[in-house]
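[1] Turn this into a structure:
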Amino acid sequence: MTNENRNMILAIVLSMLVLIAFQYFSGIPQMEKQRQIAQQQQTLQQGTANAPTAEPGAPPAPGTAAPAPTQAAATALTREQALALSPRAPIDTPRVTGSVSLKGGRIDDLSLKDYRETVKPDSPIIILLSPSGGPNPFYSEFGWVGGAGSTVKLPAADTVWSVADGARLTPDTPLVLSWDNGEGLAFRRTISVDRNYMFHVKDEVQNTGSAPATLHPFALVSRHGTPHTLGYYILHEGLIGVTSEGGLHEIKYKDIAEKKTETFPSTGGWLGITDKYWAATVIPDQQAKVQARFSAATVGSEVSYQTDWLGDAVTVAPGGSASSDGRLFAGAKEVRVVDGYDRDLGIDRFDLLIDWGWFYFITKPLFLLIDWIYKGVGNFGVAILIVTVMLKTLFFPLANKSYASMAKMKAIQPEIQALRERFGDDRVRLQQEMMEIYKKEKINPVAGCLPIVIQIPVFFALYKTLFVTIEMRHAPFFGWIHDLSAPDPTTIFNLFGLIPWDPSQVPVIGHFLMLGVWPIIMGCTMWAQMKLNPAPPDPTQKAIFDWMPLIFTFMLGSFAVGLVIYWAWNNTLSVIQQSIIMRRHGVKVELWSNLKDLFRRGKKA
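    Reported below is the predicted structural model:
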């Protein structure tokens, strides 16, 4: 086997490993899903039918922050009916709409005006937060809890707060809630919101009684029931947070359901629950010392999840007052917005709310570059093409050296072949003689695989960027591509829509039958890149090279089309670049000869 072919096979193997790893980790295997479902059912069967009680001096336990309806009621009520169970104050900003429940004073109704469920302009807008009692409860609550042994009457989940007539929450008009416990403590809650997704909640208490009161401020995000997740290994969905003691915490639903609770001391930080594109997090004052908690509990027939923080005790003397500040982020994980909160509000590592992954140092700068170009050209697909050219230019010296080495390798093949015939049985002497030739001609025998090796981290970073950033969600390209983060919607197996049939519905293999235009284009460019070199004499190697583009075509068919476009464009640039370098070094470009041989074989057949 020649060094040239060995390098090519090495490059192919590296690429295959990346793609196979993506395919393996991109979804939880079906057997694992079935095991998790069975485990959850067993947990539910073993769980208590009653909601857990909160510990003294702790935030309400998961599922107890709101009155727990019966299972029959929970399934019978629609979201609108659940919203009607309590009086409400409207929320209206340029980017969100919803309401604050006056019963409990919680934020449990929020929809995102700028995002819809599908690419269709008339599809429903995204619903993020929903009230208890209806489908998919997901809400946030702030308040006070008493210390151990305290009998002070405090606002709870069934407390109805008072507001001024016609009060509404907008970026210009905060919402002021008030409640008096009738025992000397008056509570006031001021909720404000900016023009994006950040709520500021200030809780105040005034003691007009004759005895001091010791209270702890708290805030929580609660979610009833295990939500549907995409199950991708490279994407975290579940409980998330940053604490000063533990750093970044990413806890899956199934893990916290088994552990029940995890608590971390922290100064500042933040914690919440995240989906792929949306999140809700509670954020204490960044100088405050708190206990951050991730927890889960079985309530009735479902598991409820919660993240909360509990502040240090505050003693309110007679005639005195106290206050607590907290924030709630509830919205889309837009890079610009999240980074802005990290920078402007000084929230500890808030940018980690977006799952940039292990290659953060590559993935985020790559996105920022693509986004900067997008603002100039107005199309993320075009921005990806431009970035590909820029990367090719950046790595041109290394690629030029690699392709030049490959060209020299082709030039000395007659000498290598002569050595093989002379020292075929003496492998040690053969290697020594070959290394002498490489040294004399200044050839690096492994340089040929460097362009592919360099491409792998860029490929991964772009894959991650397309997958996790909401900016890429529903981003169109041209023609039939309306979402660069989704696979090519066309397929050759129904003649790209001419035949009214959906191949994806075919059992077992339907997933692989969604082979669109762009994966086919990518396969053709990969085939052309391989045909730049002469066909290897070994039949096994030749078969591998012949079938590899087809295998990659089917494997990439289910990837985000933005990634496939990048790969096809990168292959095209590589073909042009390698052809020019080969001609410059006097090496024959075999592409046209291989094409002619292919047609000759076709005619003979």
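[2] Distance check, the closest residue to residue 275 other than its chain neighbours against residue 392.
    Nearest residue to residue 275, sequence neighbours excluded (Cβ to Cβ, 6 or more residues apart in numbering): residue 237, at 5.7 Å. Quick note: C-beta positions are derived from backbone N, CA and C, even for glycine. Going from residue 237 to residue 392 by Cβ to Cβ, to the nearest Å gives 35 Å.
[3] is it fair to say residue 134 lies in a helix?
    No - with DSSP: H, G, I helix; E, B strand; the rest coil as the criterion, residue 134 is coil rather than part of a helix.
[4] ok, it touching residue 84?
    No - the pair residue 134 and residue 84 does not pass the contact test of Cβ atoms under 8 Å, sitting 9.9 Å apart.
[5] Those two: who's more crowded?
    The neighbour comparison of residue 134 against residue 84 (other Cβ atoms under 10 Å) goes to residue 134, with 24 against 14.
[6] any idea of the pLDDT on that one?
    Model confidence at residue 134, given as pLDDT, is 92.
[7] The one 3 residues further on too?
    Residue 137 is assigned a pLDDT of 95 by the prediction.
[8] Equivalent analysis for residue 442, please.
    73.
[9] And for residue 239?
    At residue 239, pLDDT is 97.
[10] go on, residue 182?
    On the pLDDT scale, residue 182 gets 92.
[11] Check residue 399 too.
    73.
[12] In terms of secondary structure, what does the strand or helix carrying it contact?
    Taking DSSP states H and E as the criterion, residue 399 maps to helix 396-411. Judged by 3 or more Cβ pairs under 8 Å, 6 or more residues apart in numbering; DSSP states H and E, helix 396-411 is in contact with helix 3-25, helix 450-468, helix 561-584.
[13] what's the angle from the last one to helix 396-411?
    In other words, helix 561-584. Counting by axes from the mean of the first three to the mean of the last three Cα atoms, to 10 degrees, helix 561-584 lies at 50 degrees to helix 396-411.
[14] Mind giving me the packing neighbours of helix 561-584?
    Using 3+ Cβ pairs under 8 Å, 6+ apart, the elements in contact with helix 561-584 are helix 380-394, helix 396-411, helix 450-468, helix 517-530, helix 539-556.
[15] Toward the C-terminus, what is the element adjacent to the helix holding residue 399?
    helix 413-422.
[16] Okay, angle between the helix or strand following that next one and helix 413-422 too, please.
    Counting by DSSP H and E, the element after helix 413-422 in chain order, helix or strand, is helix 427-441. Per the same axes, to 10 degrees, the angle that helix 427-441 makes with helix 413-422 is 160 degrees.
[17] picking up where we left off before, got the phi and psi for the residue nearest to residue 275?
    Dihedral pair for residue 237: phi -130, psi 130, per degrees, to the nearest 10.
[18] Next one: it from residue 112, what distance?
    Counting by Cβ to Cβ - residue 237 and residue 112 are separated by 17 Å.
[19] Surely residue 531 and residue 589 touch.
    No - the pair residue 531 / residue 589 is not scored as a contact, 9.6 Å apart, by Cβ under 8 Å.
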